[in-house]
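# Give me coordinates for this.
(one chain, ligands or ions: 1)
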Amino acid sequence: MTQFTDFGLAQPVLRALDEAGYKTPTPIQAQALRPAMEGRDLCGIAQTGTGKTAAFALPILHRLAQNPRKAIRRGCRVLVLSPTRELANQIAESFSDYGKHLSFTNTVVFGGVTISRQEKALANGVDILVATPGRLMDLIERRSLTLEAVEILVLDEADQMLDLGFIHALKRIVKMLPKERQSLFFSATMPKNIAGLADQYLRDPVQVAVTPVATTAERVTQEVIFAHTGAKQALLNHILRDPAIERVLVFTRTKHGADRVVRGLEKVGINASAIHGNKSQPQRERALAAFKDGSCRVLVATDIAARGIDVEAVSHVINYDLPNVPESYVHRIGRTARAGANGLAISFCNDEEKAYLRDIERTTRQKIPVGAFPEGFNPPTRQEAAEAAQAEERRPAPQGQRPGQRQGQRPGGGRPGFGGRPGGGRGGESRGGQPGGPARSGRPQEGRGDRPAEGQGRGPRPDQRGDTRAPRQGERPRSSGGGGNAAGEGRAIGWLDRFPRS
Ligand code: AMP
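Below you'll find the model as predicted:
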């Protein structure tokens, strides 16, 4: 089997890999390393969880090590664009980890935090800059950053970037880059608009793919249960009473929907936390840490909040609401298919969502088996459900809700499923953090990529450290099997058997 040592990677990079316990490349790494090390452009289809970050970070570090030179003032040699803060932080941390025996600097910039600290970090130039598009544009407009000396561009999660409305910022950014550069492009899915973008930005790219949409879905055991809106909470409560469901990610379309589900679970004594863009950073970190260490087995999330979060061994994904974008469905259920863990996906579908279900089945080219209500479950009548919903409506607004925002209202009029798009303009994530303003002024805006860093309990955010060179050992969450998604393990689990029988 191919080993990292077979690729001729720079010694300091190999050493870091060895210390992380990574010997065998994941499939995406095995395909991407050689061409990327040679300076070829790359178009990769891979989801989070496949080891895609190392697939670009390792060859980049190798190339920088082959050709060390000082970054220009206010410039960077490598620019990595990420749609969200969480992902940006994780990427910067990966560069720090894999580059810990090299002396390259890396910095991460995103909106919602004070810009002056980021300007300071960039003043003398950095080797690697990881950025969300809106804040990057702000820094350029303030002349705190120039892209004229970028040698390598990485566009990560391109599909998500477009979904979040970053297309205009992206186009402006790419125009400012030198024509002579290496470009590495990654996307979990490759719909037509993304393929078009790749065509435009890449030169004779090598194509690498590990998770085509259809095959991901094929590998997860799935079931759809038809339930009217008012029955969904009771159904979820019933299913989650089964302790065999060890670690479950529940997806809702909206942030308030997520909060409502958590309250509904708590009412019946099931401990759960929500993670979404209206939560403060400490709240998110706490929720994620509890989910990771198993003290809280139910995490309720919106699509965006869950992206890029690297949690092992999610036993179940429950789609409380079906997403209206088929690719989101694939992302969601892919959360159970990590590191070779067995995963089961259960979707609740009401009458309005049947159209979404059809779209999903068309995209994944498979029919999702229809499941019955679990034994012992008596769905509430529509009348009972309507009364419960009214009682819920009368509740005072939860703390931390944005002023002027009502329950269920999406900021910026964004379409459901994406937690709200920017209400026009360039879709930049920087509005939450006024330039020079106080850190984390304004509430994080989900869907703009400007949510506070998850941090994942990993200490200060890279932008707070300025330079992320300092190695933080023992922080990799996983010691093996990063290529779980690509492993293609079949799942033939009779998950309905796990339903409560009482
Ligand atoms: P990513 O898809 O980049 O988010 O990576 C998912 C996880 O896989 C991360 O926790 C990585 O540290 C881990 N990982 C990356 N490459 C490898 C590898 N070759 N062997 C084992 N784990 C890996």
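# use CA for all of it now, contacts and neighbours both
Noted.
# Okay, and residue 273 sits in which element?
Remark: residue 273 resides in strand 272-275, with elements defined by DSSP states H and E.
# Would the helix or strand following that strand count as contacting the ligand?
Next in sequence after strand 272-275, counting helices and strands by DSSP H and E, comes helix 281-293. No. Figure legend: helix 281-293 not in contact with the ligand (Cα under 6 Å from any ligand atom); closest approach 12.8 Å.
# what number of residues lie near residue 56?
Other residues within reach of residue 56 by the criterion other Cα atoms under 10 Å amount to 26.
# if we can go back for a sec, avg pLDDT for the strand holding residue 273?
Taken as a whole, strand 272-275 has an average pLDDT of 92.
# Which residue ranges of the stretch 1-150 of the chain form helices?
Listed from the start of the chain, the stretch 1-150 of the chain has helices (DSSP state H, counting those that start in this stretch) covering 11-20, 27-37, 52-66, 85-98, 115-122, 133-141.
# Please spell out which residues along the second one are buried.
Of the residues in helix 27-37, 27-34, 36-37 count as buried by neighbour count, 16 or more other Cα atoms under 10 Å.
# what about the stretch 151-300 of the chain, any weak spots by pLDDT?
Low-confidence segments of the stretch 151-300 of the chain, defined by pLDDT under 70, are located at 211-219.
# where exactly do the strands run in it?
The residue ranges that make up the strands of the stretch 151-300 of the chain, judged by DSSP state E, counting those that start in this stretch, are 152-155, 182-187, 206-209, 221-226, 248-251, 272-275, 298-301.
# Just say which of the helices of the stretch 1-150 of the chain is most tucked in.
Stretch with highest mean neighbour count among the helices of the stretch 1-150 of the chain: helix 85-98 (a mean of 25; mean count of other Cα atoms under 10 Å).
# picking up where we left off before, and the strands of the stretch 151-300 of the chain as TSV, adding distance to residue 111 and mean neighbour count?
Rendered in TSV, the data for the strands of the stretch 151-300 of the chain read as follows (distance: least, Cα to Cα, whole Å; neighbours: other Cα atoms under 10 Å):
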stretch	distance to residue 111	mean neighbour count
strand 152-155	18	22
strand 182-187	22	26
strand 206-209	31	17
strand 221-226	37	21
strand 248-251	25	28
strand 272-275	19	26
strand 298-301	21	27
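# Including distance to the ligand, could those go into JSON lines?
Compiled in JSON lines, the strands of the stretch 151-300 of the chain are given as follows (distance: least, Cα to the nearest ligand atom, whole Å):
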{"stretch": "strand 152-155", "distance to the ligand": "13"}
{"stretch": "strand 182-187", "distance to the ligand": "11"}
{"stretch": "strand 206-209", "distance to the ligand": "13"}
{"stretch": "strand 221-226", "distance to the ligand": "21"}
{"stretch": "strand 248-251", "distance to the ligand": "17"}
{"stretch": "strand 272-275", "distance to the ligand": "19"}
{"stretch": "strand 298-301", "distance to the ligand": "18"}
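# For the ligand, find the nearest of the helices of the stretch 1-150 of the chain.
helix 52-66 (3.6 Å; Cα to the nearest ligand atom).
# weakest of the helices of the stretch 1-150 of the chain in terms of mean pLDDT?
That would be helix 85-98, which, of all the helices of the stretch 1-150 of the chain, carries the lowest mean pLDDT at a mean of 92.
# Which strands or helices does that one pack on?
helix 11-20, helix 52-66, strand 106-109, strand 126-131, helix 462-465 (3 or more Cα pairs under 8 Å, 6 or more residues apart in numbering; DSSP states H and E).
# run the last query once more with 7 Å
helix 11-20, helix 52-66, strand 106-109, strand 126-131 (3 or more Cα pairs under 7 Å, 6 or more residues apart in numbering; DSSP states H and E).
# Report whether it contacts the ligand.
No. Judged by Cα under 6 Å from any ligand atom, helix 85-98 makes no contact with the ligand; its nearest approach is 7.4 Å.
# Please shift the residue numbers so they start at 189 in all later answers.
Yes, from this point I'll number from 189; that puts the last item at helix 273-286.
# ok now that helix, how far from the chain's centre?
Helix 273-286 sits 12 Å away from the centroid of its parent chain (Cα atoms, centre = their mean, to the nearest Å).
# what angle do that helix and helix 240-254 make?
Following axes from the mean of the first three to the mean of the last three Cα atoms, to 10 degrees, one obtains 50 degrees for the angle between helix 273-286 and helix 240-254.
# and the angle for helix 273-286 with helix 199-208?
Counting by the same axes, to 10 degrees, helix 273-286 points 110 degrees away from the direction of helix 199-208.
# So the residue sitting furthest away from the middle of the chain, which state does it fall into?
Checked against the mean C-alpha position of the chain, the extreme residue using Cα atoms, centre = their mean is residue 571, at a distance of 38.2 Å. Per DSSP: H, G, I helix; E, B strand; the rest coil, the local secondary structure of residue 571 is helix.
# Make CSV out of the buried residues of helix 215-225 and add distance to the ligand.
What follows is the buried residues of helix 215-225, written out as CSV (distance: Cα to the nearest ligand atom, whole Å):
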residue, distance to the ligand
215, 9
216, 9
217, 7
218, 9
219, 12
220, 12
221, 11
222, 14
224, 16
225, 16
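# Adding distance to residue 533, write these out as a markdown table.
Conversion of the buried residues of helix 215-225 to a markdown table gives the following (distance: Cα to Cα, whole Å):
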| residue | distance to residue 533 |
| --- | --- |
| 215 | 24 |
| 216 | 24 |
| 217 | 27 |
| 218 | 29 |
| 219 | 29 |
| 220 | 30 |
| 221 | 32 |
| 222 | 36 |
| 224 | 35 |
| 225 | 38 |
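# ok, so of the residues you listed, who is nearest residue 191?
The shortest gap between residue 191 and any of the buried residues of helix 215-225 belongs to residue 218, at 8.7 Å (Cα to Cα).
# Could you report the separation of that closest one from residue 243?
8 Å (Cα to Cα, to the nearest Å).
# OK, contacts around the residue lying closest to residue 334 once chain neighbours are set aside?
Leaving aside its chain neighbours, residue 334 sits nearest to residue 263 (5.1 Å; criterion: Cα to Cα, 6 or more residues apart in numbering). With contacts taken as Cα atoms under 7 Å, 6 or more residues apart in numbering, residue 263 has the following neighbours: 313-314, 333-335, 337.
# now do 8 Å
Residue 263 makes contact with 310, 312-314, 333-338 under the criterion Cα atoms under 8 Å, 6 or more residues apart in numbering.
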